[in-house]
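1. What follows is a predicted protein model with its sequence.
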Amino acid sequence: TEVYEAITDGIQEMRRRFGFDEAETDKTTTDTIAVLGDFKVAVESDFGLLVGIVIEDGTNAEPLVRKSKAQFDDLYPDINVTSDRGYPRHFCIYAGSIYIGPIPDSVSYSYRKSYSTRAGTVTASTSGVPFTNVFRDVLADNVLARLYKGLEDYDKAAAHRSDFKVGFIHAQRKERK
């Protein structure tokens, strides 16, 4: 169990640190807001790292501009109490939801999200473990560093962590090319 947990954790760390192509998924989920006045869209259960959101109104499509929660609150300080609506321009991710601003003036808009998926839990029956086709050695060093640390063999853990860091840099370079 600990080996599979270490593999899962290693995969998730690698996906968080860099957008490897095999982790990218372009979902064509067409989320909508069903109630006029609502401005939140839930994120999917496999939601990893967001690439972007495009709003589609039937004839046009354009990307929404990502803002931090603080920036979003500065732009829309009264979003929870106002009835002002307009064509959405911005979004932020907060508390498991995507906030859309200004409040959409129509329920006919669709929101297409592109994101990487969260790595699932690796088990004995998992087929197609991420990173094992091209970067198996990098993942192995990451996992071994975690396992040796758990066994309190800090010298071996440090050696594998060092190898992982070097290998990860090479993997990023290769992926960028």
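-> Happy to help now that I have it.
2. Which helix runs longest in this protein?
-> For the chain, the helix reaching the highest residue count under DSSP state H is reported as helix 154-176.
3. Pull out the buried positions in that helix.
-> For helix 154-176, burial by neighbour count (16 or more other CB atoms under 10 Å) applies to 157, 160-161, 163-164, 167-168, 171-172. All C-beta atoms are positioned from the backbone trio N, CA, C, and that covers glycine.
4. what's the distance between it and the middle of its chain?
-> Relative to its parent chain, helix 154-176 has a centroid offset of 22 Å by CA atoms, centre = their mean, to the nearest Å.
5. Would you mind pulling the contact partners of it?
-> Here helix 154-176 makes contact (CB atoms under 8 Å, 6 or more residues apart in numbering) with 14, 17-18, 20-21, 134-135, 137-138, 141-142, 144-146, 148-149.
6. Which strand or helix spans Ile79?
-> Using DSSP states H and E, Ile79 falls within no helix or strand.
7. so it touches Gly101, yeah?
-> Yes - the criterion here is CB atoms under 8 Å, and Ile79 meets it with Gly101 at 6.3 Å.
8. Good, wrapping up.
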